[in-house]
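Q: Quick check, what structure comes out for this input:
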Amino acid sequence: MNQEKSSENIPIYVKRYARMPHWTMREAIALICGMNPDELTDYTGKYSRGTTAFDLVRVALLREEIETVKRKSNPMSSTYRPQKIFEAAKLAGLRVPEYLIKEVQRCYAKREAVREGIEKSETSQARSDLTTTERNSLLTIIAAMAKRGYGHDENNKSKSAVSEIVSDAALIGLRISDDTVRKWLAQAIAHMKENQDIPPKAD
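A: Numbers count the residues shown, from 1 in each chain. Sure thing, here's the model as predicted:
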């Protein structure tokens, strides 16, 4: 079995299966044996390269699969992550083609990069929904309403406006948690203290 292949010589079916996040046991065994799963129609049927290697891998993998992956009622048709298959193969003493491992790793890294890119994009979008000026203006409004409208005192728990704001929101049909109110009040008060550029007016 040829264990080493350059990227341009890797069969198309290997590249296609390497992109899949899960394989059936049948697909995994065929790939480890250097066979195309799409051309293998029957576990016990004839294959152009013979079934001896296939059967040996099947027995070894299924034995380790029960211990290391997950016991299933029909392990041959259940699906598994390629990394778990490789772990089971290693424990079974099987040699997995290096080109298969590398291609799976390459595709996994590509999927992770795409996922991270999407998450960063979503985070960036969420942060850019408000400009700095708009956010500061809202914090100023919250601080003014909390201090002057609710008599909020961040240094005195008995004079905290959190519960009152939550109750008033409910009175107009809106729901908000104590933690959310507390978080934004804290940010608004911090903003107020950092940006007070005129003396507070006495009552």
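
Q: Tell me how far the residue nearest the centre of the chain lies from Ile101.
A: For the chain, the residue sitting closest to the mean C-alpha position, by C-alpha atoms, centre = their mean, is Arg115 at 7.3 Å. Relative to Ile101, Arg115 is positioned 21 Å away (C-beta to C-beta, to the nearest Å). For every residue, glycine as well, the C-beta is placed using N, CA and C.

Q: After the helix or strand hosting Leu100, heading C-terminal, what element do we hit next?
A: Element membership for Leu100 (DSSP states H and E) is helix 98-128. Using DSSP H and E, the next helix or strand after helix 98-128 towards the C-terminus is helix 132-144.

Q: elements contacting that following helix?
A: For helix 132-144, the packing partners by 3 or more C-beta pairs under 8 Å, 6 or more residues apart in numbering; DSSP states H and E come out as helix 178-195.

Q: The helix it packs on: which residues count as buried?
A: For helix 178-195, the neighbour count (16 or more other C-beta atoms under 10 Å) marks 181-182, 184-185, 188-189, 191-192 as buried.

Q: Stretch 130-142 now?
A: Quick answer for stretch 130-142 (16+ other C-beta under 10 Å): 139, 142.

Q: Can I get it as CSV, trimmed to CA atoms?
A: The C-alpha coordinates for stretch 130-142 follow below in CSV (Å, rounded to 0.1, in the frame of the first residue of the first chain):
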residue,chain,number,x,y,z
LEU,A,130,-22.6,51.5,17.6
THR,A,131,-19.9,54.1,17.0
THR,A,132,-17.9,55.2,20.0
THR,A,133,-19.7,58.5,20.1
GLU,A,134,-23.1,56.8,20.0
ARG,A,135,-22.2,54.4,22.7
ASN,A,136,-20.8,57.2,24.9
SER,A,137,-24.0,59.2,24.4
LEU,A,138,-26.2,56.2,25.4
LEU,A,139,-24.0,55.7,28.5
THR,A,140,-24.4,59.4,29.4
ILE,A,141,-28.2,59.1,29.1
ILE,A,142,-28.3,55.9,31.2
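
Q: picking that back up, now the buried residues of helix 178-195 as JSON lines including pLDDT and distance to Ile141?
A: JSON lines is the format used below for those (pLDDT from 0 to 100; distance: C-beta to C-beta, whole Å):
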{"residue": "Val181", "pLDDT": "90", "distance to Ile141": "14"}
{"residue": "Arg182", "pLDDT": "91", "distance to Ile141": "17"}
{"residue": "Trp184", "pLDDT": "91", "distance to Ile141": "11"}
{"residue": "Leu185", "pLDDT": "92", "distance to Ile141": "12"}
{"residue": "Ala188", "pLDDT": "91", "distance to Ile141": "8"}
{"residue": "Ile189", "pLDDT": "92", "distance to Ile141": "13"}
{"residue": "His191", "pLDDT": "91", "distance to Ile141": "10"}
{"residue": "Met192", "pLDDT": "90", "distance to Ile141": "11"}
